[in-house]
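Asks: how would this look folded up:
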Amino acid sequence: MSIALAHKRRVLALGPAAVASIESYSSSTALASPANAQKHLKLMESALAIDLERLADMNNLASRQQLKRDELLPKYMDYVERYRDSGLNHPNLVLMQVMVWLFDTEQFELGLEVAMFAIGQGQSMPERFRRDIPTFVGDAVIEWAENEQKCGRSPEPYLSDMLPFVDGEWDLTEQIPAKYHKLIGIRALDAKDWTKAITHFERATELYAAVGVGTRLEGARKALAKELAHKAAE
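Replies: Numbering: from 1, shown residues only. Below is the predicted model:
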């Protein structure tokens, strides 16, 4: 079943009022005016509510992620792209849910692109999150990165790519950028790049004293001093 046909069936299921609404404009003009855009958004929100219920009824995390990646994101991304290109700016739950799903499914490059657009529009996260967009994004990426590190996989380039945002561009609680610096420092420590490790551990401590890098920082400083002494003796 095509996405268009599936959407039409959902609209029909909503009743005569929804059918009358969708027949008043075509997909090519759905975002051509603020009035039509609001009608279209209501239909998209109705479809989204049904899909969120589908996700809520699924107990298996892997199945939920597959549904988001394979069906729901392709379904709603077309609307998000058309909304972005329309030049309109209004509260948009569909845009925000797509952004959340992109981070849920670890599509960070596209997720960050959508997030930056949403921040520029002054959009708000869905109420259940009780966080702003930068906090959500910063948390999502560092939680993923820490898990990747624990599993022996590299969280790069996303870990380092996010640093200018979390420790610079965005106004976040200090714990979030401190976690980024801590993990970058740990990876530098593993690579025996003592100078880099020290730089990031010191910044992490400066941001949030309780970040928990004191022993590692001391070890990196001793290792660097030993390395420099060895080079001086050669």
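
Asks: which stretches of this protein form helices?
Replies: Assigned by DSSP state H, the helices in the chain fall at 3-14, 16-22, 34-56, 61-67, 73-86, 93-104, 108-121, 133-150, 158-164, 175-190, 194-207, 214-233.

Asks: Make a markdown table out of the ones you listed and add mean pLDDT and mean neighbour count.
Replies: Quick note: C-beta positions are derived from backbone N, CA and C, even for glycine. Listed next are the helices of the chain as a markdown table, based on pLDDT from 0 to 100; neighbours: other C-beta atoms under 10 Å:
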| stretch | mean pLDDT | mean neighbour count |
| --- | --- | --- |
| helix 3-14 | 46 | 13 |
| helix 16-22 | 45 | 13 |
| helix 34-56 | 93 | 15 |
| helix 61-67 | 95 | 14 |
| helix 73-86 | 94 | 17 |
| helix 93-104 | 97 | 22 |
| helix 108-121 | 97 | 18 |
| helix 133-150 | 98 | 19 |
| helix 158-164 | 97 | 16 |
| helix 175-190 | 98 | 21 |
| helix 194-207 | 98 | 20 |
| helix 214-233 | 94 | 13 |
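
Asks: so which of those comes closest to Glu127?
Replies: Ranking those by their distance to Glu127 (criterion: C-beta to C-beta) puts helix 93-104 first, at 9.7 Å.

Asks: elements contacting that closest one?
Replies: Here helix 93-104 touches helix 34-56, helix 73-86, helix 108-121, helix 133-150, going by 3 or more C-beta pairs under 8 Å, 6 or more residues apart in numbering; DSSP states H and E.

Asks: Tell me which residues touch the nearest residue to Trp194 once chain neighbours are set aside, please.
Replies: When the adjacent residues along the chain are set aside, Trp194 lies closest to Leu224, with 3.8 Å between them (C-beta to C-beta, 6 or more residues apart in numbering). Leu224 makes contact with Trp194, Thr195, Ile198, according to C-beta atoms under 8 Å, 6 or more residues apart in numbering.
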